[in-house]
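# coords please:
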Amino acid sequence: MKRLFFLLILPLLSTGCLRDELPNAEADILTCTLAEASLLKREPIIENNKITLLVKANADLTRQTLSFTLSDGAVIEPAGGTTRDFSTPQTYTVTSQDGQWKKTYTVAFVADELPTRYHFEDTVAEKSRRFCIFAEKQNGRVSMEWASGNLGFAMTGNAQTPDDYPTAQSADGYTGRCARLTTRSTGSFGALAGMPIAAGNLFIGTFDLLSALSSPLKATRFGLPFYRRPLYLSGYYKYKAGTTYYQNDQPAQTAITDRCHFYAVLYETDETLKTLDGTNILTHPNVICAAVVEDQKETDKWTHFRLPFITREGKTIDAAKLRNGIYNLAVVFTSSIAGATFSGAPGSTLYIDEVEIVCE
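Below you'll find the model as predicted:
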């Protein structure tokens, strides 16, 4: 019977092996290369539908040329090698090999150094206008966009307006508007995934949507190049903890009061380490110095903080490496200190405003 079964399926197996493979349905930009590579401060940052190129302040953005590698068989419009004016962000559309899928990328050049004062007054529109993205402006143009986990929360379907997302803007600032970070329930979607809550977070860096479900701690990629010696992280905050704390996918059996968390880290990059993530941001040996809050408390009034950067044992800031953009700075805020492991209390809310990295 086994022999007869094998003889019956052999023609099917043979036909399957000889049949041409189906056209590829992916439409992704895998790598991005700048023709004038010497202008780059670091490798291009490729996100779900956005590419950011950090270039030297004297770069002429009106005539720059990019080339790309794409998913197998995909094509891009305009074609790689086209010279374009990037004084404003430009878009590229990638079409999959099978012609059924299209993906639009926005490519932006950032030619200013990382700002050191953050007011949270300005936002830019997310592609689908589902939530706000905080942006800092210098000389009338965006010099930095803050990252958050809002894109991951969008998958839950629990947000109807920008205010429903964990990271949003509030009019109740210390001065003007501010950032409001709220720990949210992820509903039935999160229950199935073992991720009952999503903490509000805001950080300098990028969020990798592809890692959000498979390896969430690695989805937050912290840090951008920084060229100054930091002394303090300062600013203002308000915080109120939620009532029901979730731990190990269930309400905690003992009373636990949620806490917010915020800190800044300066670390060294190298050939093998481009960014730190949620698994190592405070523990990696490449960390040079860090400013970390230790006495965060609930407060309904705007409370000032001024946290010194403490240099790790045996570490120093090398002046040449500082000039050459070898160090990255990460600033991180979250409404639940253990939110990265999906522990926290829905409703915990952290307000942040008028933040500054005080430097030498």
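# What segments of this protein are helices?
Counting by DSSP state H, one finds helices in the chain at the ranges 2-18, 150-153, 187-193, 319-323.
# rank those by mean pLDDT and give me the bottom one.
Ranked by mean pLDDT, the helices of the chain end with helix 2-18 in last place, scoring a mean of 41.
# beta partners of Thr182?
Beta-bridge partners recorded for Thr182 (DSSP bridges): Thr349.
# Can you read off the pLDDT for it?
Per-residue pLDDT puts Thr182 at 98.
# thinking it is in contact with Thr349, fair?
Yes: here Thr182 reaches Thr349: they are 4.7 Å apart, a contact under C-beta atoms under 8 Å. Where C-beta positions appear, they are placed from N, C-alpha and C, glycine not excepted.
# Mind listing the shared neighbours of those two?
Counting by C-beta atoms under 8 Å, 6 or more residues apart in numbering, the shared contacts of Thr182 and Thr349 are 200, 335.
# Those two: which has the busier surroundings?
For Thr182 versus Thr349, neighbours defined as other C-beta atoms under 10 Å are more numerous around Thr182 (24 against 19).
# Pull up the gap between that one and Asp249, please.
Separation of Thr182 from Asp249 (C-beta to C-beta, to the nearest Å) stands at 20 Å.
# any weak-confidence spans in this structure?
Scanning the chain for pLDDT under 70 picks out 1-21, 112, 127, 139.
# For Thr33, see how far away the closest residue to Cys32 other than its chain neighbours is.
Using C-beta to C-beta, 6 or more residues apart in numbering and skipping residues adjacent in sequence, the residue nearest Cys32 is Pro44, 4.2 Å away. In this structure, Pro44 and Thr33 are 8 Å apart, going by C-beta to C-beta.
# Name the residue in the two with the higher neighbour count.
Set side by side, Pro44 and Thr33 show more neighbours around Pro44, with 19 against 14, by other C-beta under 10 Å.
# Now do the contacts for that one.
Pro44 neighbours (C-beta under 8 Å, 6+ apart): 31-34, 51-53.
# can you do 10 Å?
Counting by C-beta atoms under 10 Å, 6 or more residues apart in numbering, Pro44 touches 29, 31-34, 51-55, 66, 68, 107, 109.
# For Gly190, see how far away Gln160 is.
17 Å.
# Counting neighbours, go ahead and name the busier of those two.
When Gln160 and Gly190 are compared for neighbours, Gly190 comes out ahead with 21 against 9, by other C-beta under 10 Å.
# which one is that one nearest to, not counting chain neighbours?
Closest to Gly190 by C-beta to C-beta, 6+ apart is Pro196, at 5.1 Å.
# Asp270: neighbour count?
Neighbours of Asp270 (other C-beta under 10 Å): 8.
# List phi and psi for it.
With angles defined as degrees, to the nearest 10, Asp270 sits at phi -150, psi -170.
# Surely it and Ile326 touch.
Yes: assessed by C-beta atoms under 10 Å, Asp270 is found in contact with Ile326 at 7.8 Å.
# circling back: surely the residue nearest to Gly190 meets Asn158?
No: counting by C-beta under 10 Å, Asn158 is not a contact partner of Pro196; they are 11.9 Å apart.
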